[in-house]
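Visitor: here you go, sequence then predicted model.
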Amino acid sequence: MILSLLKRRGWLIQKHLISTLSISFVLPIMLHLTLMLPVKAIFIRSIRHTPIELWLFPGILFIIATVALIPHLYRDFFDLRIHKKALMPMTLTPVSKFKLTLGILTTAVIESILFAMIGGAVLTVITGVVFPWLDYVVMLAYLCLFTYFIGCIIITISLLTEHVSIFILLIFSLFIFIVFGSGIIFEFEYYPVGLGYLLRYSPVGMTIYGLRMMIFSHLFDWTSVIVPFLLISIWLPLNAEILRRKLHQ
Amino acid sequence: MEASVTLKKVGKLAGDKTILAGLTFGIEKGSIVAIIGDNDAGKSTLLRVLAGFENPEYGQVFIHGLDSVKRRKEIRENIGYVPLSIDLDPWLTLDQNIRFIGLLYGVRNAVITQRIHSYAHRLDMSEYLNLKAGNVSSGIAKKAMIIRALVHDPTIVILDEPTAFMDAQSHRQVWDLLKKLKSEKTIIYVSQLLHEVEQAHDRILVMDNGKIVLDGNLDKLLESTLEFHQFQIEFEELSDELYKKLCSISTVVTPSRMNNIFHFYGRTRKVLFQVMQTAQSAVMKDMNIKKLGLQDLMDSEFARKGLDE
């Protein structure tokens, strides 16, 4: 089933190959110019004395992955559902709603990770930032966890909204939270104590924090893996149930 | 005969409105069943419930003896559904649209290729397979949807207006294909084209307000109308006084007028002579007599009033 969905995704990307590739190269350059450079001018090092470019690098990959995730899930769970297109015949196949939701999310995660990997390569060329290869593996694992979690939120928004304006509003709010409220740019210590504590222990902030702890302090924080994993395990069947109810099946 | 589909008191509601009102009937294996009725009669909803696209609020649907809710997975492998509106992915080609669904059903790629080419050849649409679904006409897209519904070789094919948006040639090709498939598959369809229904059916279900009001083949449905004829007389001038006089003839059934044309039904041809006698002072320009067909049966006013005098 996953292979069928991947094949379909491949066909769709083929149709927009040039624009997809262009965006995957332009996006990291844009993020470097508009985010990394100004932040570097303000903070030279992080609170824990990590050079700021190194410190920002994993967060930028998370932003790129989120940007790649949104259109994919929007199309499959909002656009095709609202316009009664290809999602309907998919739901009539013997594939369960849970497997279908998981399958579409997995293809979106794979695609967004590929996007992030291209972005990472471009950023490495621009900034000259290089990590030990094991750190890239850790980044990939956390990125996977992060995109699955964010994907669950995007699917819920896509399924529960009926109007594109509401969808855009909610997605923008989520995106702003990811960029400014998850510790990607500003460390939690810069926020008021209570708020910083809340953001640090939000599932999104927790994942990014856990990744940085692992890469820069070589400390493994179990909660940063277990909590998002548990939430994903609960959220996925919930999304499948929302899909079933939305389609009255 | 073995039942392919069985409904037991199947009901569907939309708020306070009853869409399907406790339907109970069976459909024999290997038959072509046409469902007709006025707009909003519940035809498409019935198809969606049969296809598993929507669940009924109450009652049960059995497909080959399996409960459609409890044995959903097995049932879905047996059903091919073609909805009324085009639901292909506009960014994919017709071939990719069909192939993707075939793969989700677990059909091997080589078998899918063979089936796509075989059906596309029969429907004369091989040249369109590599075009994007968003770039082809609705008739071609509908043909692709029919192939998509057949690609996993279902035993029951459910079609909502199978020839919608199609030209005359495509219309024939689709029905040639469906009639050939009849021996191995049960075909259930909804159509507003009554001449199409008259040509292609083993059984016709007439729906009204979520209920089956008539059930049988064409001859059976028209049984009550067999002695009836439809008459149409065009006068040079049909005055109100003459129209009233003609309407008052006891053997004239459901009279109506359109300008100078007097339209009515009658059980025997004798009624015509009574009308002509009453209207002897008026000049008649044209006259038309025909036996009743499905269209007359479906005439809403006729259906409501019935044929009895």
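Guide: Received the coordinates, thanks. Numbers count the residues shown, from 1 in each chain, chains lettered A, B, ... in the order given.
Visitor: how confident was the prediction at residue A:212?
Guide: What the model reports for residue A:212 is a pLDDT of 90.
Visitor: brain fart, residue B:224
Guide: So, for residue B:224, pLDDT stands at 61.
Visitor: which stretches of the stretch 151-300 of chain B form helices?
Guide: Applying DSSP state H, counting those that start in this stretch to the stretch 151-300 of chain B gives helices spanning B:168-181, B:194-199, B:218-221, B:240-247, B:270-278, B:294-298, B:300-305.
Visitor: look at the residue nearest to residue B:111 when sequence neighbours are not counted and give its secondary structure.
Guide: Setting aside the residues directly before and after it, residue B:111 is nearest to residue B:102 in space (C-beta to C-beta, 6 or more residues apart in numbering or on different chains), at 7.9 Å. Placement of C-beta: from N, CA and C, glycine included. Assigned by DSSP: H, G, I helix; E, B strand; the rest coil, the conformation of residue B:102 is helix.
Visitor: just residue B:139 next, same as before
Guide: Under three-state DSSP, residue B:139 comes out as helix.
Visitor: ok, it - contacts?
Guide: Contact analysis of residue B:139 by C-beta atoms under 8 Å, 6 or more residues apart in numbering or on different chains lists B:165-167, B:170.
Visitor: want to try a markdown table for these, with distance to chain A, pLDDT and neighbour count as columns?
Guide: As requested, those are exported to a markdown table (distance: C-beta to the nearest C-beta, whole Å; pLDDT from 0 to 100; neighbours: other C-beta atoms under 10 Å in any protein chain shown):
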| residue | distance to chain A | pLDDT | neighbour count |
| --- | --- | --- | --- |
| B:165 | 16 | 87 | 16 |
| B:166 | 20 | 88 | 20 |
| B:167 | 24 | 89 | 11 |
| B:170 | 21 | 90 | 19 |
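Visitor: buried ones in the helix or strand hosting residue A:225?
Guide: Assessed by DSSP states H and E, residue A:225 sits inside helix A:223-246. Judged by neighbour count using 16 or more other C-beta atoms under 10 Å in any protein chain shown, the buried positions of helix A:223-246 are A:224-225, A:227-228, A:231-232, A:235-236, A:239-240, A:242-244, A:246.
Visitor: again, but for stretch A:199-217
Guide: Quick answer for stretch A:199-217 (16+ other C-beta under 10 Å): A:199-200, A:202-212, A:214-216.
Visitor: how about residues contacting that stretch?
Guide: By C-beta under 8 Å, 6+ apart, stretch A:199-217 touches A:46, A:48, A:50, A:54-55, A:58-59, A:62, A:131, A:135, A:138-139, A:142, A:145-146, A:149-150, A:177-178, A:181-184, A:188, A:191, A:219-221, A:223-225, A:227-228, A:231.
Visitor: do stretch A:44-60 as well
Guide: Counting by C-beta under 8 Å, 6+ apart, A:28, A:31-32, A:35-36, A:39-40, A:43, A:119-120, A:123, A:127, A:129, A:131, A:139, A:142, A:182-185, A:187, A:189, A:208, A:211-212, A:215-217 sit against stretch A:44-60.
Visitor: go again with 7 Å.
Guide: Around stretch A:44-60, the neighbours that count as contacts under C-beta atoms under 7 Å, 6 or more residues apart in numbering or on different chains are A:28, A:31, A:35-36, A:39-40, A:43, A:123, A:127, A:129, A:139, A:184-185, A:187, A:189, A:208, A:211-212, A:215-216.
Visitor: just the C-alphas of stretch A:164-179, formatted as PDB.
Guide: C-alpha atoms of stretch A:164-179 as PDB (Å, rounded to 0.1, in the frame of the first residue of the first chain):
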ATOM      1  CA  VAL A 164      -9.800  27.300   2.800                       C
ATOM      2  CA  SER A 165      -9.600  30.600   4.600                       C
ATOM      3  CA  ILE A 166      -9.900  28.900   8.000                       C
ATOM      4  CA  PHE A 167      -7.400  26.300   6.900                       C
ATOM      5  CA  ILE A 168      -4.900  28.900   5.900                       C
ATOM      6  CA  LEU A 169      -5.400  30.800   9.200                       C
ATOM      7  CA  LEU A 170      -4.800  27.700  11.300                       C
ATOM      8  CA  ILE A 171      -1.800  26.600   9.300                       C
ATOM      9  CA  PHE A 172      -0.200  30.000   9.500                       C
ATOM     10  CA  SER A 173      -0.800  30.100  13.200                       C
ATOM     11  CA  LEU A 174       0.800  26.600  13.500                       C
ATOM     12  CA  PHE A 175       3.800  27.700  11.300                       C
ATOM     13  CA  ILE A 176       4.400  30.800  13.300                       C
ATOM     14  CA  PHE A 177       4.300  28.700  16.500                       C
ATOM     15  CA  ILE A 178       6.800  26.300  15.000                       C
ATOM     16  CA  VAL A 179       9.200  29.100  13.900                       C
END
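Visitor: and it, average pLDDT?
Guide: Rounded mean pLDDT across stretch A:164-179 is 93.
Visitor: so how far is that stretch off the chain centroid?
Guide: 13 Å (C-alpha atoms, centre = their mean, to the nearest Å).
Visitor: please parse chain B into its domains.
Guide: B:3-222, B:227-291 (automatic domain parsing).
Visitor: least reliable of those domains by average pLDDT, please.
Guide: Among the domains of chain B, domain B:227-291 scores lowest, at a mean of 86.
Visitor: got the residues of chain B near chain A?
Guide: B:51-55, B:73, B:76-77, B:81, B:85, B:87-92, B:96, B:100-101, B:103-105, B:148 (C-beta under 7 Å from any C-beta of the partner chain).
Visitor: please redo it, this time with the cut-off set to 8 Å
Guide: Counting by C-beta under 8 Å from any C-beta of the partner chain, chain B comes close to chain A at B:51-55, B:72-74, B:76-77, B:79, B:81, B:83, B:85, B:87-93, B:96-97, B:100-101, B:103-106, B:132, B:148.
Visitor: buried subset of those?
Guide: Buried, going by 16+ other C-beta under 10 Å: B:51-55, B:72, B:76, B:79, B:81, B:83, B:85, B:87-93, B:96-97, B:100-101, B:103-105, B:132, B:148, out of these.
Visitor: before we move on, the earlier item: hmm, the helix holding residue A:225 in reach of chain B?
Guide: No - using C-beta under 8 Å from any C-beta, we find that helix A:223-246 stays clear of chain B, coming within 9.4 Å at best.
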